[in-house]
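In: below is the sequence, then the predicted model.
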Amino acid sequence: MTARRLPARRPRKRRRGRQRRQEDLLLLVVGGVMAIAVVSAVLSWLVTNWWVLVVLGACGAVGGAWWFHRFQQQQAWERVRQQALRYALPQLDALHHRDFEYAIRDLMRRDGCADARQIGGAGDNGADVLATDPMGRTWSVNCTSVGSLGGVM
């Protein structure tokens, strides 16, 4: 038998990693110089055309004032809607069980539970509405229909 000679291993090239880091650094420097050049050009243009900043500022102020006015209107309408929220017993009795849960949530919000939310569904652990009242107490409400109780109250 003759001994087989294994080919000599070539040493790994470490240049790839070093070259890649140098290329990345070069790209970062070139990108930074280009970004500085663009910002410088924009600033010099804005210095000569200052009226553009005034127009943009005025548009921003008008847009902000319009948004704030709309926000205040929505808040006022929500307060009016919450105060006017009333249900008669026949109305509540006629609701579908899911709508009944939403009605309970809305009534709790009206009465000061700002974080009231409907969570009923599969795996809700018996809680259909969760809320925290103004005094910090946590409420877990289970909305059960009379039909599911078998008519027993």
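Out: Okay, I see it.
In: what part of the protein, helix or strand, is modelled with the least confidence?
Out: helix 89-94 (a mean of 86; mean pLDDT, DSSP states H and E).
In: which residues touch the helix or strand that it is followed by?
Out: Next helix or strand after helix 89-94 toward the C-terminus (DSSP states H and E): helix 97-110. If you take C-beta atoms under 8 Å, 6 or more residues apart in numbering as the criterion, helix 97-110 is touched by 82-83, 85, 87, 92, 95, 116-118, 120, 128-129, 131, 139, 141, 143, 145. No exception for glycine: its C-beta is placed from N, CA and C like everyone else's.
In: using PDB, list the CA coordinates for helix 97-110.
Out: Provided in PDB are the C-alpha atoms of helix 97-110 (Å, rounded to 0.1, in the frame of the first residue of the first chain):
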ATOM      1  CA  HIS A  97     -75.800  39.200  23.600                       C
ATOM      2  CA  ARG A  98     -72.800  40.800  22.000                       C
ATOM      3  CA  ASP A  99     -74.600  44.100  21.600                       C
ATOM      4  CA  PHE A 100     -75.600  43.900  25.300                       C
ATOM      5  CA  GLU A 101     -71.900  43.600  26.300                       C
ATOM      6  CA  TYR A 102     -71.100  46.700  24.200                       C
ATOM      7  CA  ALA A 103     -74.000  48.600  25.800                       C
ATOM      8  CA  ILE A 104     -72.700  47.700  29.300                       C
ATOM      9  CA  ARG A 105     -69.300  48.900  28.300                       C
ATOM     10  CA  ASP A 106     -70.800  52.200  27.000                       C
ATOM     11  CA  LEU A 107     -72.800  52.700  30.200                       C
ATOM     12  CA  MET A 108     -69.700  52.100  32.300                       C
ATOM     13  CA  ARG A 109     -67.700  54.700  30.200                       C
ATOM     14  CA  ARG A 110     -70.600  57.100  30.700                       C
END
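In: okay then, goodbye and thanks.
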